[in-house]
Each structure stands twice: as structure tokens, then as C-alpha cells.
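Chemist: quick one: sequence and predicted model below, then my questions.
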Amino acid sequence: MIDEDRQLIELITGYQPAAAITTAHRLGVFYVLGRAPRSAGDLAAELAVDPSNLASLLEALVGIGLLQRQGDRFAATPYAVERLGPGGEMGLVVAKEAVFAGAWSRLDEVVTGGRPVMEPWRSQLDRNPERARAFLDALDVLARIGGPPLHELDELVPGKRVLDVGGGLGTYARRLAEAGSLVTLVDYPVVAGWASEELEGTGVVVVGVDLFGHPSCGVPPRSMDAALVSHLVHDLTEVQAVELLRRVRSAIAPGGHVVVNDFAGDSGPGAFGPLFDVMMRVETGGAAHSRATLESMLARAGFEGVRRLPYDDPLTVYTGVKP
């Protein structure tokens, strides 16, 4: 019983390291503290914060493993300098998760009321485009770190006309184009504008469109050899997802493939899938659909030969053929 109690205590205090890292990022600790050791007092003066409480935070970051202490001075670890300091991409991920932590604190409202607590993505694009762009930048980092090598799939390369549905800033579109595919990325007009800047010179065609406002996702019917739907289905209810996949099917020529890259609610390791499912219900009102549901949705949308590709959990990639 004591061991189980200790495990529970670890779980319920898991917010503390996250809060320490987030606070340090927000205050600029990683931005100004490099590998050269500095005292807490010196750093506090530069950041205009309380020196005693900053020293406590710095000690916590030493324990976490992001700072090193040398006597009464502190320095960032090589990882923190590279990934959280100036130009470090992981700062984008820290900021994204800080926003979502606030939404998770209202999980009881989600469970009670059956609705997400974050405003719809389209509203976020209109009301707070700067934060929405930062969110997409963070997703780009995560996709490059842990996304599957979709640019190696025969269904998508080489020479295939590929529709990247809701492709964001073009993480996968860029890789597919480099592998020889002829890629068209479609997303909301605001996002498409950002993607155009990011993908300039890559050969990727970018189209701004409301995916649910066009019968074939912004391109002529049957004009594509394949379509990639990456991390979009989980933002949708089952009914919405089937409708989107039907529109995707309309864009693909007979014999063409769809590739759905997502996380399933019943994937591992551990509680990853179920927690990702909860996250979608907090943030979007969608769901991390089970593997069986993903297969069913593809079949109901009119795809045949649906099969899961052999990537390790939590990567969940399905492909199907338009007959």
C-alpha cells in the first residue's frame, strides 16, 4: 500500500516540474542564462524578480536537470542552452503546453458539461493569430521530433500528386516535396498564408480553404493520386471525421490512396492514448478515436483495403484505397 501511495503522490505532484520549467521559460531564465555560471542575485537583477524566490526556482531546475550549480552560481546545461535558450525550438513547446495546462485545470467542466473549454480553432485564428501561429510552430517542432517518416511511403512518393489536408506550416509537405512528390497543401486561409512563407521555394502549392466548405477540399475532384490527413481527425467528432474523409476521397483519383496519421485512444505506451483522448475533449471537442473506429471511419468514407502500417505505438498510421 505504501508503494502505491508513493506512486500516487508522484502522479498528483507531476504539475510541479512542469510549472517550474514553464515559469523559467516565461521569465526568460533560459534565454539569459547560458553556460557561464551566474549568481542568483545577478540573474534576479537582470530579470527584475525576487532574488530569494528565483534562487529557489534555480535549485529546482538543477534537480530537474536543466541547470547546473557551481558553488553559489548557476549555469544552463548544454541541452537547455541549445533547446531552450535563444533560438531553441523547445521553448515553443513549453509555451504551448503552458496554455493547455490552464485548459486542463478546467477538466471538471469538460466532464460535467460535455464541451471543450478552449474556443474553436477558427476563432483562435481570428481572435489571437499570434498565439495560434506559435501553436503551429510548436506542432511543427513536435512533428519533426517524433513524426513517422511518411515521405518514405510508396502511397505518397515519388512523383505522386499528394494533397496535404490541413497541413499547417508544411512539416510533411516539405519532406514529401523533397522526396519527389507534387504536393498541394490546403488549410484555412490564415494558416495557408503562413505556410506559403514557410514553403517558399519548395514547389509546394498552397491553397487557403475551409475544408468543410468545399466538396473536395479545395482542389478539383479526382485530381490527386493520394491524400495525407495528419493529426486532424482527432480534432473532430466521428461524424465530422467521416464527412471530411468523404471530401478527401472526392479529391483522389480512383486507385489512389489516403494516409491518416494520428494517435488512437487505445494506443500506448501506458496511458498515452487515453490521456490524449481526454486532451482532445478538453481542447477541441474531438476525440482520440480507437483503432477500430479509425478503420470504420475510413471504410464508411468509401475507402477499401484499410490497414494499419507497422509503426510502433503511439504512432497510428492507416492507409486505404479509393476503388
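Modeler: Good, I have the coordinates. Numbers count the residues shown, from 1 in each chain.
Chemist: start to end distance for stretch 82-90?
Modeler: Stretch 82-90 has an end-to-end distance of 9 Å (C-alpha to C-alpha, to the nearest Å).
Chemist: so which bits of it are buried?
Modeler: Residues of stretch 82-90 classed as buried by neighbour count (16 or more other C-beta atoms under 10 Å): 83-85, 88-90. No exception for glycine: its C-beta is placed from N, CA and C like everyone else's.
Chemist: show me the strands in the stretch 101-250 of the chain, by range?
Modeler: Listed in chain order, the strands of the stretch 101-250 of the chain (DSSP state E, counting those that start in this stretch) span 161-165, 182-187, 205-208, 224-230.
Chemist: apart from its neighbours in sequence, what residue is nearest the residue nearest the centre of the chain?
Modeler: For the chain, residue 139 is the residue whose C-alpha lies nearest the centre (C-alpha atoms, centre = their mean; 3.7 Å). Leaving aside its chain neighbours, residue 139 sits nearest to residue 168 (6.1 Å; criterion: C-beta to C-beta, 6 or more residues apart in numbering).
Chemist: now residue 323
Modeler: Nearest-residue entry for residue 323: residue 304, 5.2 Å, with adjacent residues in sequence omitted and distances by C-beta to C-beta, 6+ apart.
Chemist: correct me, but that neighbour touches residue 321?
Modeler: Yes: using C-beta atoms under 8 Å, residue 304 makes contact with residue 321 at a distance of 5.3 Å.
Chemist: compare the two (neighbour count), which wins?
Modeler: residue 321 (18 against 10; other C-beta atoms under 10 Å).
Chemist: could I get the buried residues of stretch 82-90 as TSV with secondary structure?
Modeler: As requested, those are exported to TSV (DSSP: H, G, I helix; E, B strand; the rest coil):
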residue	secondary structure
83	helix
84	helix
85	coil
88	coil
89	coil
90	helix
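Chemist: summarise which helices and strands the longest strand along the chain is packed against.
Modeler: Counting by DSSP state E, the longest strand found in the chain is strand 252-262. Using 3 or more C-beta pairs under 8 Å, 6 or more residues apart in numbering; DSSP states H and E, the elements in contact with strand 252-262 are strand 224-230, helix 238-251, helix 291-300, strand 316-321.
Chemist: still on that earlier bit, ok, so of the buried residues of stretch 82-90, who is nearest residue 231?
Modeler: Nearest to residue 231 among the buried residues of stretch 82-90 is residue 89, at 17.9 Å by C-beta to C-beta.
Chemist: show the contacting residues for the closest one.
Modeler: Residues near residue 89 by C-beta atoms under 8 Å, 6 or more residues apart in numbering: 83, 141.
Chemist: may I have the phi/psi pair for it?
Modeler: Backbone torsions of residue 89, given as degrees, to the nearest 10, read phi -70, psi -30.
Chemist: need the contact list for the residue nearest to the centre of the chain.
Modeler: 96, 168-169, 171, 231.
Chemist: swap in 10 Å and give it another go.
Modeler: Listed by C-beta atoms under 10 Å, 6 or more residues apart in numbering, the contact set of residue 139 reads 92-93, 96, 147, 168-169, 171, 230-231.
Chemist: out of those, who's nearest residue 222?
Modeler: For the contacts of residue 139, the nearest to residue 222 is residue 230 (21.7 Å; C-beta to C-beta).
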